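Enquirer: give me coordinates for this.
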Amino acid sequence: MSYSSGSYDSSNTAHTSTSESSYHQLYVSVGPFARFYFGNSSGKGMPFVYSNTGTSFYPDYSSTYSNSSGTKYTYKYKKYSSWNAGAQIGYEHFLNSAIGLQYYLGYSFSHYQTTSEYDYPTGTDYTYDSKSNSNGISFGVSLQIHLDWLNKKK
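Expert: Numbering: from 1, shown residues only. Coordinates of the predicted model:
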C-alpha cells in the first residue's frame, strides 16, 4: 500500500502561458507468490523457480489542472483494474543458514484498464477509456533473508 501526492508548475520559452497541476493517489497491491528449490538442502546453493500473480487498486486517484489561459478541470479514475503475473528461474548461493545471494532471470506481464472522468467547471465533461499491456524481462542479483531460520535451530 502506498500514498503519494505532488504538484507541477510548468512554462516554456515559446509561449507566455503557464500551467499548474496536482495529484493525490492511494495505491494498493495484493497477490500470492510461490518458490520451489531443487537439489540438496545441505549444499552451499540450490536452483529455484518462482512464480507470482497479483492485482492492484487505485481506490482514490484525483488530479486538478489549470493554466493561465483559463482552462481548468479535475480528473479521477472512475474505474481501474489490473492484473500481473511473472516467473523466474535462478540460483541461490547460501552465505549462511539465514542469508542467500540470488542470481535470477525472469519474465513479467501486466494488464491495465482504466476509465477516467474529466470534470470541467464549464463546458462538456467526458470520460476516457484506456487499456495497456506490458511485458518485461529481468535479470539480477538480490539478497534473500530467510526468516524461518529460527525454527531450524530448535
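Enquirer: what segments of this structure are helices?
Expert: 149-152 (DSSP state H).
Enquirer: for it, what are the low-confidence residue spans?
Expert: Residue ranges of the chain with pLDDT under 70: 149-154.
Enquirer: what ranges does it have for its strands?
Expert: For the chain, applying DSSP state E gives strands covering 2-11, 18-30, 33-37, 45-67, 72-94, 99-119, 126-145.
Enquirer: can I get those strands in TSV with mean neighbour count?
Expert: To be clear about C-beta, it is placed using only N, CA and C from the backbone, and glycine gets the same treatment. Output for the strands of the chain, formatted as TSV (neighbours: other Cβ atoms under 10 Å):
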stretch	mean neighbour count
strand 2-11	10
strand 18-30	14
strand 33-37	12
strand 45-67	16
strand 72-94	16
strand 99-119	15
strand 126-145	10
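Enquirer: Phe109 against Asn133, yeah?
Expert: Yes. Using Cβ atoms under 8 Å, Phe109 is in contact with Asn133, at 7.1 Å.
Enquirer: tell me how far His15 lies from Pro59.
Expert: Separation of His15 from Pro59 (Cβ to Cβ, to the nearest Å): 37 Å.
Enquirer: typo on my end, Thr114
Expert: Taken as Cβ to Cβ, the span from Thr114 to Pro59 is 13 Å.
Enquirer: then Tyr128?
Expert: Following Cβ to Cβ, the distance that separates Tyr128 from Pro59 is 19 Å.
Enquirer: how about Ala34?
Expert: 27 Å.
Enquirer: please apply the same query to Val30.
Expert: Taking Cβ to Cβ, one finds Val30 at 12 Å from Pro59.
Enquirer: need the contact list for the closest residue to Tyr80 other than its chain neighbours.
Expert: Residue nearest to Tyr80 in three dimensions, not counting chain neighbours: Tyr58, with 4.6 Å by Cβ to Cβ, 6 or more residues apart in numbering. Residues counted as contacts of Tyr58 (Cβ atoms under 8 Å, 6 or more residues apart in numbering) are Gln25, Leu26, Tyr27, Val28, Tyr77, Tyr80.
Enquirer: tell me which two of the residues you listed sit farthest apart.
Expert: Val28 and Tyr77 (12.9 Å; Cβ to Cβ).
Enquirer: the nearest residue to Phe38 once chain neighbours are set aside bridge partners, please.
Expert: Nearest non-adjacent residue to Phe38, counting by Cβ to Cβ, 6+ apart: Pro47, 4.9 Å away. With DSSP bridges applied, the residues forming beta bridges to Pro47 are Tyr91.
Enquirer: great, nothing more from me.
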